[in-house]
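Chemist: Prediction below, plus the sequence it came from.
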Amino acid sequence: GESVGLHLPTLSVQEGDNSIINCAYSNSASDYFIWYKQESGKGPQFIIDIRSNMDKRQGQRVTVLLNKTVKHLSLQIAATQPGDSAVYFCAENGVGGGGKLIFGQGTELSVKP
Amino acid sequence: NAGVTQTPKFQVLKTGQSMTLQCAQDMNHEYMSWYRQDPGMGLRLIHYSVGAGITDQGEVPNGYNVSRSTTEDFPLRLLSAAPSQTSVYFCASSYSNRGNTEAFFGQGTRLTVV
């Protein structure tokens, strides 16, 4: 069945280091993927997205990589800052479209000063 | 634009009570959806709507009803609250109903059923 999973539930990094958050997906028909950031007590906030016709997309301090061969997605955060501390979710559009998003469990990123 | 607005932010219900969680968006988005988030888990889709007058079930629809009479509003109704419905509820909207654009989320409603 469809599932989006994350390899690590928690990630602790030193301020200034780069962070890499991984995500595996099982639905090879998914063609759109999103990374969200969720701070405590708030709703998920869009970070970056990528379509299946791309392998890499860069934003401000963030890069998403998509490997369709192994159905793997990653989010790279450069020069991680304390404000990056949050839970990060990957999501894929569900079978049949309709705007449905399937979310992974989330990775909690903790940035040590 | 206010984006996606959810009310109330917090609610405590007794088992068997009913209530409606409100959601409104001012971005003229066609697609709206409701998710629930339980501790240590991702968001699970309850119901969604691809436009006014059209709704469908998501992954966990039991115990919840929705309607979409206008583009702006998408209320979620709990007919008879149960402790298993204790959760944080998020409403979201998207420009596209084809699942290829980002979803904008509200701030959430924290519901406790005792």
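Modeler: Done, it's in.
Chemist: Do you have the strands of chain B handy? List them.
Modeler: B:4-7, B:10-13, B:19-25, B:31-37, B:43-51, B:54-57, B:64-66, B:76-78, B:87-94, B:103-105, B:109-113 (DSSP state E).
Chemist: who touches the first one?
Modeler: In this structure, residues lying in contact with strand B:4-7 by CB atoms under 8 Å, 6 or more residues apart in numbering or on different chains are A:43, B:21-27, B:89-93, B:104-109. Any C-beta I mention is one placed from the backbone N, CA and C, and that applies to glycine too.
Chemist: follow-up on the earlier one: highest average neighbour count across the strands of chain B?
Modeler: strand B:31-37 (a mean of 26; mean count of other CB atoms under 10 Å in any protein chain shown).
Chemist: other SSEs contacting that strand?
Modeler: Counting contacts by 3 or more CB pairs under 8 Å, 6 or more residues apart in numbering or on different chains; DSSP states H and E, strand B:31-37 is packed against strand B:19-25, strand B:43-51, strand B:87-94.
Chemist: average model confidence for it?
Modeler: What strand B:31-37 shows for mean pLDDT is 94.
Chemist: ditto for stretch B:92-102
Modeler: 77.
Chemist: picking that back up, could you dump the helices and strands packed on strand B:31-37 to CSV with distance to B:V12?
Modeler: Output for those, formatted as CSV (distance: least, CB to CB, whole Å):
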stretch, distance to B:V12
strand B:19-25, 10
strand B:43-51, 20
strand B:87-94, 13
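Chemist: would JSON lines of those with distance to chain A be doable?
Modeler: As requested, those are exported to JSON lines (distance: least, CB to the nearest CB, whole Å):
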{"stretch": "strand B:19-25", "distance to chain A": "11"}
{"stretch": "strand B:43-51", "distance to chain A": "4"}
{"stretch": "strand B:87-94", "distance to chain A": "5"}
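Chemist: just so I know, which of those strands lies nearest B:Q11?
Modeler: strand B:19-25 (6.6 Å; CB to CB).
Chemist: and stretch A:71-90, how far out from the chain's middle?
Modeler: In terms of CA atoms, centre = their mean, to the nearest Å, the centre of stretch A:71-90 is found 7 Å from the chain centre.
Chemist: So is it next to chain B?
Modeler: Yes. Applying CB under 8 Å from any CB of the partner chain, one finds stretch A:71-90 touching chain B at A:F89.
Chemist: That stretch: which residues count as buried?
Modeler: Neighbour-count burial for stretch A:71-90, counted by 16 or more other CB atoms under 10 Å in any protein chain shown, picks out A:71, A:73-77, A:80, A:84-90.
Chemist: pLDDT on that stretch, on average?
Modeler: Per-residue scores along stretch A:71-90 average to 96.
Chemist: swap in stretch A:15-29?
Modeler: 92.
Chemist: Would you indicate which residues of it are buried?
Modeler: A:19, A:21-25, A:27.
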